[in-house]
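Visitor: no letters, just coordinates:
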């Protein structure tokens, strides 16, 4: 790797870690971002000195989010990959993949939580009810805000 590629790998690795993503996600994206020609899985593994299995899993996630895309190169059997530079697409996909399912399932989780509130001890019941009420408010806020946030990412 050249110095520019190394700096990009480092930058995107730190960004991935800041979002609680595996370092390998940032490393792979950083390398592809800093490389003009598409790279194969094997080339990525060599340049990052990473295992094929771990690299493959991280690349699978990056493809699902839309951060990288496959590229066919005529005459070559192996698939190659390049970075997608569309931040709006990533943000929208991340919200749909990571946040929407939790918000969608929230009512079921809240119902189970409510049914678990202790009824015989007043002080415990009041505490648990207050916490349940707080979680219900948070869920309502997220449920109301998620469509707005998603719409904003689609328009950026």
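Guide: Sure thing, it's come through. For clarity, every value in this text was computed on a predicted model and none was experimentally measured.
Visitor: helix, strand or coil: sort out the residue located most distally from the centre of the chain for me.
Guide: The outermost residue of the chain relative to its centre, with distances by Cα atoms, centre = their mean, is residue 120 at 42.3 Å. Classification of residue 120 by DSSP: H, G, I helix; E, B strand; the rest coil places it in coil.
Visitor: what's the answer for the one 5 residues further on, then?
Guide: In the three-state summary, residue 125 is assigned as helix, counting by three-state DSSP.
Visitor: wouldn't it be in contact with residue 116 here?
Guide: No: the criterion here is Cβ atoms under 8 Å, and residue 125 misses it with residue 116 at 11.2 Å. Heads up, the C-betas are built off the backbone N, CA and C, glycines and all.
Visitor: neighbour-wise, which of these two wins?
Guide: When residue 125 and residue 116 are compared on other Cβ atoms under 10 Å, the one with more neighbours turns out to be residue 125, at 13 against 9.
Visitor: now the residue farthest from the centre of the chain. Its backbone dihedrals?
Guide: Note on residue 120: backbone dihedrals following degrees, to the nearest 10 are phi -90, psi -20.
Visitor: with residue 69 instead?
Guide: phi -140, psi 150.
Visitor: what do you get for the one 5 residues further on?
Guide: For residue 74, the backbone dihedrals are phi -50, psi 130 (criterion: degrees, to the nearest 10).
Visitor: can you show me the helices along this protein?
Guide: Applying DSSP state H to the chain gives helices spanning 3-18, 23-33, 41-48, 52-65, 87-94, 100-104, 106-115, 122-155.
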